[in-house]
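Asks: Please work out how this folds:
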Amino acid sequence: MNVHLRAAVCILAAAGAVFTARADTSAGATATPAELREKLEGIFPLTVRSLRATGVPGVYLLISDSGMFHIYDSGGQIIIGEMFDKGSGASLLAAARGREVAARLGAVPAGDMIVFGPKNARRYVTVFTDIDCGYCRVLHQEMDALGRGGLQVRYLAFPRTGIGGESYAKAVSVWCAADRNRAMTEAKAGRPPPPRTCDNPVADQFRLGQDLGVRGTPAVYLDDGTMLGGYLPAAELLRRAGLGG
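Replies: Predicted structure coming up:
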């Protein structure tokens, strides 16, 4: 039952639909944020990481291990869904998600990334990548074109076989190489560096990707937190970043 509840919440929220659940509050009596957090974790199989007021009475932005949602505490019921701006029709949840993603990615130290492209780039993308991913390799072949277009690429590791798997070991070996950029380029050409170990951020980056909902690679995020999806040809990626026609 819990698995089905989790799936229902994720699917409905992604579709912009509304999911309601009974809450143990008397009609008209909304819960405090602390009480609401406890009730949400009691109703749904999730862990609440943050519950933020939105400025709309009774409406909160819920950040959990199952994703981000808008929730409305009506007193007797909790409504989970998505809010839209009445004037522009823009998704307020998408905007909030973008800000959260940008903040999380922005908190990653620059020295923990493997960076390609100009230092004074006009814009950048953060890419969760896997050494053996076919489309990751195609994207990497376009680093020069992206750099000429003014786009910097910041790589974070997301080994698809998980922590401890073969792709994880390759990501660690790349990170521990004397020249990480060269090792990354060689590895994506099918020539991974000799096995190495050292202190590295690979596991932390993999967990961050999981927290942000990464399920495949490459996972490309603009610097404003917008998720662009997977592989895009260089010309299209530059266009989406506002750097090309």
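
Asks: okay, now the domains of this protein?
Replies: For the chain, automatic domain parsing gives the domain ranges 2-84, 110-240.

Asks: shaky segments in this structure?
Replies: 1-31, 75-76, 245 (pLDDT under 70).

Asks: Just the strands from it, written as ranges.
Replies: With strands called from DSSP state E, the chain shows them at 19-22, 48-53, 59-64, 67-73, 77-81, 114-116, 123-129, 151-157, 219-222, 227-229.

Asks: Take these and write them to a markdown table, including mean neighbour count.
Replies: In this view, the C-beta of every residue, glycine as well, is placed from N, C-alpha and C. Conversion of the strands of the chain to a markdown table gives the following (neighbours: other Cβ atoms under 10 Å):
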| stretch | mean neighbour count |
| --- | --- |
| strand 19-22 | 14 |
| strand 48-53 | 14 |
| strand 59-64 | 20 |
| strand 67-73 | 21 |
| strand 77-81 | 19 |
| strand 114-116 | 19 |
| strand 123-129 | 24 |
| strand 151-157 | 24 |
| strand 219-222 | 22 |
| strand 227-229 | 15 |
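
Asks: Please identify which of those is closest to Gly242.
Replies: strand 123-129 (6.9 Å; Cβ to Cβ).

Asks: Check the offset of that closest one from the chain's centre.
Replies: 11 Å (Cα atoms, centre = their mean, to the nearest Å).

Asks: Put the alpha carbons of it into PDB.
Replies: These are the backbone C-alpha positions of strand 123-129, laid out as PDB (Å, rounded to 0.1, in the frame of the first residue of the first chain):
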ATOM      1  CA  ARG A 123      26.500  30.500 -19.100                       C
ATOM      2  CA  TYR A 124      27.100  27.000 -17.800                       C
ATOM      3  CA  VAL A 125      25.400  23.600 -17.500                       C
ATOM      4  CA  THR A 126      25.900  21.100 -14.800                       C
ATOM      5  CA  VAL A 127      25.900  17.500 -16.100                       C
ATOM      6  CA  PHE A 128      25.500  14.300 -14.100                       C
ATOM      7  CA  THR A 129      27.600  11.900 -16.200                       C
END
